[in-house]
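Asker: Model the following, please.
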Amino acid sequence: MGCFASPLIHQEGYSKFSRRVHDKFLKNRIPVNAGIELTRKCNLQCVHCYERGVSKNGREELSFLQLRGILDQIAELGSLWLMLTGGEVLTREDFFDIYIYAKKKGFIISVLSNATLITPEIADTFKKWKPFTVEIPLYGADARTHDGVTGVKGSFAAALRAIALLKERNVQVNLKTFVTSLNYQSLKDLNKFAANLGYGLSLDCAMFPCIDHSQEPYKYRLKPKEVFEVLFETLQNKKDYLKTVKETMENFSCSEESDYFYNCYAGKGIFFIDAFGFLDVCIFSKSLHYDLLKGSVKEAVEKHFPVIRGRKLEDNSKCRSCQMRNFCNFCPAIADLEADKLNLDYYCETTNFLKGMAEKVAL
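Answerer: Next up is the predicted model:
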């Protein structure tokens with residue numbers, strides 16, 4: 001199977017197909033989305049990166065042969081969507097060996113790349129073996145802002161060259177940006193810049209500690225007020241959103257489901273494998289750290305994921321009865337990354353800021 005775009009997808013439309021498949025897999029407790037970190041090597045030094053300065057973890061990164069075996073297991077499990085990420089995936093000389101093998105297994109593949117290493121030859125290969133999308137970050141509408149975030153001069157120009165190469169070859173590109181204190185003020189310019197290139201722009205304000213538990217990225221985290229200024233820039237109707245928040249607050253009940261630590265799709269709809277072969281319920285979580293060189297994907301999903309998903313909040317956790325929980329940006333994986341230094345103050349302050357705005361809106 002070379003391309004994901006089967007006649008079935010064309011007949012019913014991708015969105016409808018995706019919803020139907022996700023619903024079916026969730027019902028059968030099969031994570032339909034898999035992610036693999038191909039490497040931790042990167043040619044940029046982004047200030048917000050959760051992998052900056054992280055060591056090799058005491059062993060070599062997975063070989064092509066090992067990755068082939070893991071891809072076989074993921075396909076056998078039934079997962080369909082596959083994210084290939086890094087580091088920078090194109091620093092691996094065998095990237096296309098891995099990628100084309102995954103394409104032939106029938107996966108719907110998204111490639112996450114900073115795009116600075118994309119050449120005409122690489123773009124030609126993507127044209128021949130088209131991914132679902134290549135996700136490329138742009139941190140500013142000019143070199144000063146973008147390169148200020150990446151820490152490498154010339155990265156902005158290189159990314160633009162790559163975007164043009166892929167666009168010429170009709171390779172699907174999704175532009176995204178990670179909003180930090182360094183580029184927050186220039187988002188309007190960046191949105192216009194992306195539109196002039198012919199693309200939309202997805203925004204992400206969530207900030208994570210490094211996976212070695214360092215909280216260095218927090219230096220670049222937005223203030224709560226700034227988070228919602230960014231959010232409301234993307235909403236068509238701010239008042240309707242605030243009405244929804246208020247209605248949800250007033251109808252909140254502390255259900256049994258709200259007692260669970262993981263109320264997201266981690267380990268339910270998604271899982272992630274790092275560059276050294278350790279599997280977890282998501283890209284940030286280190287709750288399981290299951291060694292695939294000693295076990296199987298199937299065993300991890302069937303035996304260990306239910307244990308992690310069954311983890312409950314502590315009895316004295318203020319999250320259990322918080323009526324703003326459905327709007328909180330807190331992620332369970334942060335608890336793992338922050339270890340014993342977990343601080344909920346930022347998340348409480350952020351959601352309380354939203355609560356204050358919602359209470360002023362008349363239903």
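
Asker: Look up how far Q172 lies from L190.
Answerer: Per Cβ to Cβ, to the nearest Å, L190 is found 20 Å from Q172. Glycine gets a C-beta too; all of them are placed from N, C-alpha and C.

Asker: How about E229?
Answerer: Counting by Cβ to Cβ, the gap between E229 and Q172 amounts to 30 Å.

Asker: just R92 next, same as before
Answerer: Summarising the geometry, the distance separating R92 from Q172, computed by Cβ to Cβ, is 22 Å.

Asker: Neighbour count for these two, which is higher?
Answerer: For R92 and Q172, the more surrounded residue by other Cβ atoms under 10 Å is R92, and the numbers stand at 21 against 14.

Asker: Identify the residues contacting that one.
Answerer: R92 sits next to L38, T39, K41, I98 when contact means Cβ atoms under 8 Å, 6 or more residues apart in numbering.

Asker: Out of those residues, who's the most crowded?
Answerer: L38 (27 neighbours).

Asker: what sits against that residue?
Answerer: L38 sits in contact with E61, L62, L67, L84, T85, G86, G87, V89, R92, F95, I98, A275, where contact means Cβ under 8 Å, 6+ apart.

Asker: can you tell me which of those residues lies nearest to C328?
Answerer: Distances from these to C328 were compared by Cβ to Cβ; the smallest belongs to T85, at 25.5 Å.

Asker: Could you double-check that that closest one lies in contact with A34?
Answerer: No: when contacts are counted by Cβ atoms under 8 Å, T85 is not listed as touching A34 (11.2 Å).

Asker: In a helix, L190, correct?
Answerer: Yes: counting by DSSP: H, G, I helix; E, B strand; the rest coil, L190 is found in a helix.

Asker: For it, give me the pLDDT.
Answerer: The predicted local confidence for L190 comes out at a pLDDT of 95.

Asker: Let me know the helix or strand that the residue lying closest to it once chain neighbours are set aside is in.
Answerer: Sequence neighbours aside, A141 is the residue nearest to L190 in space, at 4.7 Å (criterion: Cβ to Cβ, 6 or more residues apart in numbering). For A141, there is no enclosing helix or strand under DSSP states H and E.

Asker: and A333, which of the three is it?
Answerer: The three-state label for A333, taken from three-state DSSP, comes out as helix.

Asker: dump the residue contacts of Y346.
Answerer: Going by Cβ under 8 Å, 6+ apart, Y346 touches R221, P224.

Asker: Distance of it relative to L203?
Answerer: Going from Y346 to L203 by Cβ to Cβ gives 18 Å.

Asker: ok, for the residue most central in space within the chain, nearest residue in space, not its chain neighbours?
Answerer: Among the residues of the chain, I283 comes closest to the average C-alpha position under Cα atoms, centre = their mean, at 7.4 Å. Leaving aside its sequence neighbours, I283 sits nearest to F272 (Cβ to Cβ, 6+ apart; 4.5 Å).

Asker: Could I get the pLDDT score of R29?
Answerer: Value for R29, per-residue pLDDT: 69.

Asker: no no, E229
Answerer: 84.

Asker: what about the closest residue to S296 other than its chain neighbours, how many residues close to it?
Answerer: In space, not counting the residues next to it along the chain, S296 is nearest to Q73; the distance is 6.0 Å by Cβ to Cβ, 6+ apart. The number of residues packed around Q73, counting by other Cβ under 10 Å, is 19.
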